[in-house]
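[1] Sequence and predicted model, in that order:
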Amino acid sequence: MSKQYRFPENFLWGSATAAYQIEGSPLADGAGPSIWQRFAHTPGRMLNDDNGDVACDHYNRWRDDVGLMKQLGMQGYRFSVSWSRVMPEGRGRVNPKGLDFYERLVDTLLENGIQPTATLFHWDLPAALDDRGGWLNPDIADWFGEYSEVMYKRLDGRIKRWATLNEPWVVTDGGYLHGALAPGHRNRFEAPIASHNLLRAHGKSVQVYRAVGKHEVGLVVNIEPKYPASQSPEDLAATRRAEAYMNRQYLDPVFFGTYPEELREIFGEAWPEWPQADMDLIRQPLDFIGVNYYTRNVARHDEANWPLKVSPVRQTQHTYTETGWEVFPQGLTDTLTWVKERYGNPKVFITENGAAFFDPPKAERGRVRDPLRVSYLRQHLRAVHKAIEAGCDIQGYYVWSLLDNLEWSLGYSKRFGIVHVDFETQTRTPKDSARYYASVVASHGEAL
Ligand SMILES: CO[C@H](O)c1c[n+]2c([nH]1)[C@H](O)[C@@H](O)[C@H](O)[C@H]2CO
């Protein structure tokens, strides 16, 4: 008899995307440029010089894409709003056609019985705000509050779950410390300031929501559990630093109003003294936490690896994805139980989980076989169930991603979608993983 995987009655099954990765038409109908529009058109920044000018052409094909979600039985859809489509300069003037696009999308999702969850910021900062310092300018908390208020007032009620930010760690580490992501800075003095202002902006947005909103608001973080390569004091300390830097740097301030002490050790003179008023702003009570999980990291001390002094150790006993991430579903269970135990079992949605494996550029006779992704999803959904059985308050799962899309500076080289996109013709083809996921959703998990 196969194990019965019963999920809570109200468990929500969905899929996730992000604006710059799927919409295309970044400057259409009065939209302003984002830093990703700028970054993607800067020679040398993007693999194969790919950019988001067309992407999945979702800005034009959104109605068909909602039909695809309906066909797959999706109950929820997590998307992001392009800030500069709605406010071309990031503050002040609102672009009515930008707002209309998201209003039509939300209304059509609701007509099809699909719950919309909107992320207000998924990395595509308005370029006009970057020209004013972007996340390095403390005024950005107010700018983000102003933008948040526009969105909350227009769509709250139809959207009943909002995420302020997607993964402040990636924005900081990729955009300000290592430079692989927009805006492409490499500065250990900037990184803590950008990270802190992201959290301040989050706090401001939540305060605005409490004043004008009536439903739920939360924060989406990426969490990658860290496991020591050995029990040596150096590797144990390295693991602790890595875990503080990626996993506790965001949830500790939100839940406790304090940063992990390891951050001063990591950044040294580059780590400022933060005003208590800032920490009070960041520590706004939330209705849920979004956890994005992809893989784990086995950590060892590496004196040469600036500034964390940690390096990953490749694990030969497991499969790796096209992005070089170990397939380790137990890490998802460990992550969810860690969140439960450290932060008092908050309501959690898994807001991203998925994998890039090689898929052909074109479907073969209307089919795309992706057994590795089917296996990845099965293992990770079972890991979610294990966490629920351990008492974690997990209320939904969004597979990353609905569509193959622009994987940031890796361009279109990495395919995460459960639906294949032929980027020459824009033809959508549900992969075997979409059929599998649809069967899991239809059986509320019992087909796992
Ligand atoms: C460090 O991995 C992160 O958890 C992560 C992985 N991913 C993400 N964050 C982003 O939220 C998505 O936009 C990416 O497309 C997706 C796949 O790379």
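    Sure, I can see it.
[2] Go ahead and confirm P168 touches N197.
    No: using CB atoms under 8 Å, P168 is not in contact with N197, being 9.5 Å away. (Each C-beta comes from the backbone N, C-alpha and C, glycine too.)
[3] Get me the contact residues on this structure for the ligand.
    Proximity of the chain to the ligand (CB under 6 Å from any ligand atom) is limited to residues 18, 21, 166-167, 170, 222, 292, 294, 352, 400, 407, 416.
[4] Those into CSV, with extra columns for secondary structure?
    Compiled in CSV, the residues of the chain next to the ligand are given as follows (DSSP: H, G, I helix; E, B strand; the rest coil):
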residue, secondary structure
A18, coil
Q21, helix
N166, strand
E167, coil
V170, helix
N222, strand
N292, strand
Y294, coil
E352, strand
W400, strand
E407, coil
F416, coil
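[5] Pick out whichever of these sits closest to the ligand.
    Closest to the ligand out of those is N222 (3.3 Å), distances taken as CB to the nearest ligand atom.
[6] Bridged to the closest one, which residues?
    Each beta-bridge partner of N222 is listed here: N292, as defined by DSSP bridges.
[7] Do I have it right that D173 meets A191?
    Yes: assessed by CB under 8 Å, D173 is found in contact with A191 at 7.2 Å.
[8] More neighbours: which of those two?
    Legend: neighbour count by other CB atoms under 10 Å for D173 and A191, higher for A191 (25 against 22).
[9] Quick one: residues contacting the more buried one.
    Listed by CB atoms under 8 Å, 6 or more residues apart in numbering, the contact partners of A191 are 172-173, 176-177, 267, 270.
[10] any idea what it is structurally, helix, strand or coil?
    In terms of secondary structure, A191 is helix; the call rests on three-state DSSP.
[11] State the distance from it to the ligand.
    16 Å (CB to the nearest ligand atom, to the nearest Å).
[12] try P192
    Using CB to the nearest ligand atom, one gets 19 Å for the distance from P192 to the ligand.
[13] got a list of what that residue touches?
    With CB under 8 Å, 6+ apart, P192 has these contacts: 263, 267, 270-272.
[14] Including distance to L448, secondary structure and pLDDT, could the residues you listed go into CSV?
    Below are the contacts of P192 laid out as CSV (distance: CB to CB, whole Å; DSSP: H, G, I helix; E, B strand; the rest coil; pLDDT from 0 to 100):
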residue, distance to L448, secondary structure, pLDDT
L263, 39, helix, 98
F267, 43, helix, 97
A270, 46, helix, 97
W271, 44, coil, 98
P272, 47, coil, 97
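[15] does H301 really touch K309, like I thought?
    Yes: with contact defined as CB under 8 Å, H301 counts as touching K309 (6.3 Å).
[16] With neighbour numbers in mind, choose between the two.
    The residue with more neighbours, out of H301 and K309, is H301; 21 against 18, by other CB under 10 Å.
[17] Just the pLDDT at the more buried one, thanks.
    We note a pLDDT of 98 for H301 in this prediction.
[18] and the gap between it and A229?
    8 Å (CB to CB, to the nearest Å).
[19] hey, what's in contact with both of the two?
    Residues touching both H301 and A229 (CB under 8 Å, 6+ apart) are D235.
[20] wait, what's in contact with the residue nearest in space to the middle of the chain?
    Taking CA atoms, centre = their mean, the centroid of the chain lies closest to N166, which sits 4.6 Å from it. By CB under 8 Å, 6+ apart, the contact set of N166 is 18, 80, 119, 121-123, 220, 290, 292.
[21] want to throw those residues into CSV with pLDDT?
    Listed next are the contacts of N166 as CSV, based on pLDDT from 0 to 100:
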residue, pLDDT
A18, 99
S80, 99
T119, 99
F121, 99
H122, 99
W123, 98
V220, 99
G290, 99
N292, 99
